[in-house]
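Visitor: Model the following, please.
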Amino acid sequence: MDLSPIILAMAEAEGPSSVLGQVVAPLLEHDEIVLTRVWFMDDRDCTVCQGRRDPTSGTTLHLRAHGSRLGSATSGAGLDGACHLVRVGTQSRIAEIAARGEALISSRVEPLDEWGVEATCPVISEIRGVLGFPLRFRGRVVGVLACYLRTPADEGMLDWLPMFAAHAAVAIANCRALQEIQHLQAELELERDYLREEAAQIVPIDGIVGESEALHRVLRQVDLVAASEANVLLQGESGTGKELIARAIHQRSPRAGRSMVKVNCASIPKELFESEFFGHVRGSFTGAINDRVGRFQLADRGTLFLDEVGEIPLELQTKLLRVLQEGEFERVGEGTTRHVNVRVLAATNRDLKAELNAGRFRLDLFYRLSVFPLQVPPLRERREDITALTTQFLRAASRRLGRAVPKVPQREMAKLVAYDWPGNVRELQHVVERAMILAPPGRAIQFDVTPSPAPRSGPPAPVRPYRTEHEWRRLERDNLLTVLKAARGKVTGPGGAAALLGVNPNTLASRLRVLGLKKMFIEQRDASR
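Guide: Have a look, this model is predicted:
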């Protein structure tokens, strides 16, 4: 048999399915061959196994092509029978060929399921012998080729088959290598495009700045959760730096070597939600002119940051819940189930518990995202950090504008510290940059903020979750003044201050002496007589 045209055709094949067609077709032209089958070793691109929920364990052979007088198949339907998977190490003859790397011949009718043929195969009654060959490439078995004969097999039969199997192995291995290169190239191009997009959106902040206790409390939580695989829900007002905290978690996690892919959930239209998250195939909807990989697949083995997760419409939350629970999804317009391993960090400035009560957010999705809730404090609760943040933003703005870093008068810094910053760190950054643009060269910088007005009565609300001794004494003094006025200076007896407060008169008298109030009221009472 002249193998030259067959070998040339296999060498010019464009992919595994194409080369398999060039392997199966010429074998069926031989009168003695009634059936032929090809298995691939450890085939992660197997279209049959991609839809299975439970991946196989151990070394396996996947049936990728078969041909007979009744028809042929090189992918998909027709290959998913009981003999599709052959696990190396079992009592199968096909597994033995792969394990030993040697050809096997059967010249008698054996149980054909050991030779990779189901009992329901239409041509099983015609099989009288089998020739099995390992497909070897560079010393490694990449598959198995089996030819099922009408007559008992012997070693001299079809003496050209070993050479044919050797060339088939090279052609198959080359096609699979090229396919892998193309796959990796496509992933690199997608990651490159994503990183370019992210680089254009990076806020010019060098890192997390501050020494306040509120910030250190958050960073301690970051250190605790970063090493785990738990999903994290970052909550806090807009502009507090939730994305920076998310990046800190990613960078300190075992996934730091992979990308952190960001999705702004508020910016995705409803009709493009599935495409953005899960990808689509060409022609799946109007405008889908190319295949697209979704953000979940892009973040595989890395981290996915869902910004403004509270903005996802209720009817779309179920689709997100499935991939979080099962780690599987389908592209739009494609029936193949894909599996991913993604850690999710979510952020929102909404009160998700209030959204739950209002029926706008799913309870099961909330608990799936909020395995580790983390509250990012607003800037007014970390005023100690305002000076350091201002200095950082001044340096960044000076570099961009090509100016020297200006000095900040003490009164201007005091204005910043006294302001409540409803826009938090983002607002501070913009105020500093605007002041840099407007400041004349060589002149002191001025910030366009108005400190929040003090309350009309009572002590100012503390910016800490505790009160100092001085603040507590002042509160106690103001309270005692109020009750003494209500009792018209009377301390003991019915209607007196002690009775109104519900304390022992001697205890109240002692407090009044310590605060200097008893003498003041005695003098006022005497003066009024």
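Visitor: Next, name the residue at the spatial heart of this structure.
Guide: For the chain, the residue sitting closest to the mean C-alpha position, by CA atoms, centre = their mean, is Leu304 at 2.1 Å.
Visitor: Show me where the stretch 251-400 of the chain has its strands.
Guide: 260-264, 279-280, 292-293, 303-307, 328-330, 337-339, 343-348, 372-375 (DSSP state E, counting those that start in this stretch).
Visitor: and the third one, how far from the chain's centre?
Guide: Chain-centre distance of strand 292-293: 16 Å, with CA atoms, centre = their mean, to the nearest Å.
Visitor: any idea of the mean pLDDT for it?
Guide: What strand 292-293 shows for mean pLDDT is 82.
Visitor: and what of stretch 305-322?
Guide: pLDDT averaged over stretch 305-322 gives 90.
Visitor: from here on, count from 206
Guide: That works, and once the first residue is 206, the last one we named lands at stretch 510-527.
Visitor: Other residues contacting it?
Guide: The contact list for stretch 510-527, computed with CB atoms under 8 Å, 6 or more residues apart in numbering, reads 438, 447-448, 451-452, 455, 465-471, 475, 478-479, 482-483, 533-534, 549-555, 557, 560, 564-567, 569-570, 573-574. C-betas here are computed from N, CA, C, even on glycine.
Visitor: Quick check: the gap between Val335 and Leu290.
Guide: 19 Å (CB to CB, to the nearest Å).
Visitor: what residue ranges in this structure score low on pLDDT?
Guide: For the chain, the stretches flagged by pLDDT under 70 are 206-223, 249-250, 255-263, 278-283, 313-315, 360, 362-363, 395-412, 656-671, 721-734.
Visitor: Apply 50 and report the result again.
Guide: Low-confidence segments of the chain, defined by pLDDT under 50, are located at 258-261, 405-411, 659-663, 728-729, 731-734.
Visitor: Could you chop it up by domain?
Guide: 209-383, 407-579, 584-643, 674-733 (automatic domain parsing).
Visitor: Just send the ones you listed back as CSV, with distance to Gln651 too.
Guide: Listed next are the domains of the chain as CSV, based on distance: least, CB to CB, whole Å:
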stretch, distance to Gln651
domain 209-383, 63
domain 407-579, 22
domain 584-643, 6
domain 674-733, 32
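Visitor: Roughly how far does Leu606 sit from Thr592?
Guide: Leu606 is 21 Å from Thr592, by CB to CB.
Visitor: and the two? which has more neighbours close in?
Guide: Neighbour totals were compared for Leu606 and Thr592, and Thr592 leads with 15 against 12 (other CB atoms under 10 Å).
Visitor: Against Met618, how distant is the more buried one?
Guide: Noted for Thr592: a distance of 6 Å to Met618, by CB to CB.
Visitor: Ok, Pro231 next?
Guide: For Pro231, the distance to Met618 - CB to CB - is 84 Å.
Visitor: Which one's more surrounded, these two?
Guide: Between Pro231 and Met618, Pro231 has the larger neighbour count (other CB under 10 Å), namely 20 against 15.
Visitor: now that one, what's its secondary structure?
Guide: Of the three states, Pro231 takes helix under DSSP: H, G, I helix; E, B strand; the rest coil.
Visitor: And for Leu340?
Guide: Once three-state DSSP is applied, Leu340 turns out strand.
Visitor: Next up, the contacts around it.
Guide: Counted by CB under 8 Å, 6+ apart, Leu340 has contacts 243, 346-350, 370, 373-374, 377-378.
Visitor: could you redo the last one with a cut-off of 7 Å?
Guide: 346-350, 370, 373-374, 377 (CB atoms under 7 Å, 6 or more residues apart in numbering).
Visitor: In the beta-sheet assignment, what are the partners of it?
Guide: Counting by DSSP bridges, Leu340 forms beta bridges with Gly348.
Visitor: measure it to Gly306 for me?
Guide: Distance from Leu340 to Gly306, by CB to CB: 10 Å.
Visitor: Next: Ile517.
Guide: For Ile517 relative to Gly306 (CB to CB), the value is 53 Å.
Visitor: Ok, Pro710 next?
Guide: For Pro710 relative to Gly306 (CB to CB), the value is 102 Å.
Visitor: who has more neighbours, the two?
Guide: Counted by other CB under 10 Å, Pro710 and Gly306 do not tie: Pro710 has more neighbours, with 15 against 12.
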